[in-house]
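Undergrad: Attaching a predicted model along with its sequence, questions to come.
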Amino acid sequence: MQELTPRLYYLKQLKRTGLPAAELPYFYLTVIRPVLEYGSAVWHHGLTVAQSQNLESLQKRALRIIYQIICDMPYESTCAFAGVQPLSAQRYTLGRRFFRSITQSDSCLHDLLPQWRDSEILSRLRRHSVYPISLTKTNNKYRSFIHYALAKYQ
């Protein structure tokens, strides 16, 4: 998070120099937000609540710098006003999109997925998931993105 402090400082300096308010969100979306979202499609399921709240507070801080009128608004309203999603929702969307790209047969990660279930078996199951979710006795597999994605995104 220390690499974001200078970026937030630059955002504050751009605001002080009189850059039009319409230009500040572009700086945020191109310089700050990519750092907050880096690799989030894969690692977001391993974040603790405190880490997730720290990321959200950094976005909230940046949005307060850009739009001074939103200081007393709730975070969800602030994001709606700014036209951005909360980072937690964005992480979920990116993770789901990444999983969908893995399910394509031309993906290099497609071989990490278990075998598809037969369509005849799917029609007899209560929960129609194309890929079976393997059960293990260790926690290592539960920490992987593939297992999380099979459980959440099917």
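TA: All right, it came through fine.

Undergrad: Do you know the pLDDT at K137?
TA: Looking at K137, its pLDDT stands at 62.

Undergrad: Next: H110.
TA: Looking at H110, its pLDDT reads 78.

Undergrad: Any figure for the gap between the residue nearest to it when sequence neighbours are not counted and P34?
TA: Excluding its sequence neighbours, the residue lying closest to H110 (CB to CB, 6 or more residues apart in numbering) is I102, at 6.1 Å. Every residue, glycine included, has its C-beta placed from N, CA and C. Between I102 and P34 the distance is 22 Å, computed by CB to CB, to the nearest Å.

Undergrad: The two: which has the busier surroundings?
TA: Neighbour count, other CB atoms under 10 Å: between I102 and P34, I102 has more, with 17 against 9.

Undergrad: Determine how far stretch 47-58 lies from the middle of the whole chain.
TA: 12 Å (CA atoms, centre = their mean, to the nearest Å).

Undergrad: tell me the average confidence for the longest helix along the chain?
TA: Counting residues, the longest helix in the chain under DSSP state H turns out to be helix 49-66. Average pLDDT, helix 49-66: 90.
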